[in-house]
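Q: turn this into a model:
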Amino acid sequence: MRIFLLSVLGLVLFSACNCSDTVVVRDRSDLCGDGELNTGEACDDGNTINTDSCTSGCDLARCGDGVHRTDLAPGDEGAESCDDGNAVDTDSCRVDCQLATCGDGVVRTDLSEGQSGFEACDDGNADDSDGCSQSCQVSGCGDGIVQAGEDCDDGNSEDTD
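A: The predicted model follows:
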């Protein structure tokens, strides 16, 4: 009896000659998570946890894959504080998988004025006298910060005090 075994795209086809023309097909996708590195898997850590170094699809976790990796401490190489899976740097999650914050040098455009976290500017420094304050608001007369060209700024618009 001759036995033929063919593996195509994760499917195993099995046929024996001296039998009927029956073909047995077994889906190999169930092998991801078995703890053994199989064909087509970048990793297999033996679990279905999607937020560690090996995703539940047996792919290596990476910034930008849309899965927030939580198995590392902040500051560790590869640590993510977010991962929205897009290439937009001006929303709440930057392309380096860190949360957007005032002072990071990137102006958020996903919020409207008045919403918490809204940034009118973000120059990434602590100099309040350069046109953009540390609170990511445009500096100007009446904000309490003496800017270039101002003799004083008491934080109000009252001209007689």
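
Q: distance of the closest residue to residue 126 other than its chain neighbours from residue 93?
A: On the basis of CB to CB, 6 or more residues apart in numbering, the spatially nearest residue to residue 126 that is not a chain neighbour turns out to be residue 134, at 5.5 Å. Just so you know, the C-beta spots here come from the backbone N, C-alpha and C atoms, and that holds for glycine as well. Distance, residue 134 to residue 93, using CB to CB, to the nearest Å: 22 Å.

Q: again with residue 152
A: If you measure residue 152 against residue 93 using CB to CB, the figure is 41 Å.

Q: these two: who's more crowded?
A: Neighbours were counted for residue 152 and for residue 93 using other CB atoms under 10 Å; residue 93 has more, 22 against 6.

Q: quick check on that one: phi, psi?
A: For residue 93, the backbone dihedrals are phi -120, psi 120 (criterion: degrees, to the nearest 10).

Q: and it, bridged to which residues?
A: Going by DSSP bridges, residue 93 is paired in beta bridges with residue 99.

Q: my guess is it contacts residue 82. True?
A: Yes. Using CB atoms under 8 Å, residue 93 and residue 82 qualify as a contacting pair, with a distance of 3.7 Å.

Q: hmm, back to that, what number of residues lie near the residue nearest to residue 126?
A: 14.

Q: that one touches residue 128, doesn't it?
A: Yes. In this structure, residue 134 is within contact of residue 128 by CB under 8 Å, at 5.7 Å.

Q: mind checking pLDDT for the most centrally placed residue in the chain?
A: When the chain is reduced to its mean C-alpha position, the nearest residue by CA atoms, centre = their mean turns out to be residue 83, at 1.8 Å. At residue 83 the predicted local distance difference test score is 97.

Q: oh, and call the first residue 854 from now on, that's how I've got it
A: Got it, the first residue is 854 from now on, which makes the last one we talked about residue 936.
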